[in-house]
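# pasted the sequence and its predicted model underneath.
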Amino acid sequence: MNGYLIKLFFVFSFFYPVQFLTAQIEWPPITQTSKPWTRWWWQGSAVDEPGLKTTMKWYQEAGLGGLEIAPIYGVQGQEKLFINYLTPAWMDRFSFVLSEAKKLNLGIDMTTGTGWPFGGPWVTESDACKYFTHKTYQLSGGQMLRRRAQISPGLNLLLPLPT
Amino acid sequence: MGKPLASAEAATWLNEHFLSSLADIKSSVDQYFLGGVNHIVYHGTNYSPPQASWPGW
């Protein structure tokens, strides 16, 4: 009798945790949106169909669920390959990406412009990002600054000249 | 399942390139999930032509 109880105890102590663990590892189905996506930086949008086809396959095999296209400045020395954003050539590559993505079950998203921060010529000065900066000039007593303060070449501050 | 998606740019590093490990990503993504994010969008994968030499673009 004691032997039976001990056996019973071992049987329960062995199986109970196994069932418990089984319940723990029942994952919901893995969907396109439960996989990680990635922002897909297109430097100079210098993409071509063979390169897109190969890399998209790699991303899909690595377990990514989707790609968010973000065109940005290009790689130095590769200027001949740059494609201007939203031009017919760019749209061709984009259409190719959409058709490949459908085959691979990858989602495709886009940022709302190019670069970082996203933007373009349609963002007017009143809506554009701004920041404060400063530069120190040494002047003698009574001396006036006779030109606009220049922080870096090409960046002139929109300050009135001293009168 | 069936919940609205809350996505976030994830695994964005401010240190030098190629220094972050998969273990760093694991601990970072765990914190996104604890914060309610259920759709991870990594900060970045750079398009690099397959023929570009290591480490690519």
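In hand now; what should we look at?

# is it fair to say residue A:58 lies in a strand?
No - assigned with DSSP: H, G, I helix; E, B strand; the rest coil, residue A:58 falls outside any strand and is helix.

# quick one: it and residue A:103, what's the gap?
Distance, residue A:58 to residue A:103, by CB to CB, to the nearest Å: 14 Å. For every residue, glycine as well, the C-beta is placed using N, CA and C.

# now do residue B:33
From residue B:33 to residue A:103 the distance is 30 Å (CB to CB).

# which strand residues bridge the residue positioned nearest the centre of chain A?
Residue closest to the average C-alpha location in chain A (CA atoms, centre = their mean): residue A:39, at 2.6 Å. Assessed by DSSP bridges, residue A:39 has beta-bridge partners residue A:68.

# can you show me the helices along chain B?
For chain B, the helices defined by DSSP state H occupy B:22-34.

# return the residues of it in contact with chain A.
B:1, B:5, B:7, B:9-10, B:29, B:38-50, B:57 (CB under 8 Å from any CB of the partner chain).

# go again with 7 Å.
By CB under 7 Å from any CB of the partner chain, the residues of chain B that approach chain A are B:1, B:5, B:9, B:39-47, B:49-50, B:57.

# ok, residue B:25 - contacts?
Contacts for residue B:25 (CB atoms under 7 Å, 6 or more residues apart in numbering or on different chains) come out as residue B:11.

# what's residue A:100 sitting at in phi/psi?
Dihedral pair for residue A:100: phi -60, psi -40, per degrees, to the nearest 10.

# setting the sequence-adjacent residues aside, check what's closest to it.
Of all residues not flanking residue A:100 in the chain, residue A:56 sits nearest, at 5.2 Å (CB to CB, 6 or more residues apart in numbering or on different chains).

# buried residues in the strand ranked longest in chain B, which are they?
Counting by DSSP state E, the longest strand found in chain B is strand B:39-46. For strand B:39-46, burial by neighbour count (16 or more other CB atoms under 10 Å in any protein chain shown) applies to B:39, B:40, B:41, B:42, B:45, B:46.

# then stretch A:50-66?
Under the neighbour-count criterion of 16+ other CB under 10 Å, stretch A:50-66 has A:51, A:52, A:55, A:56, A:59, A:60, A:64, A:65, A:66 buried.
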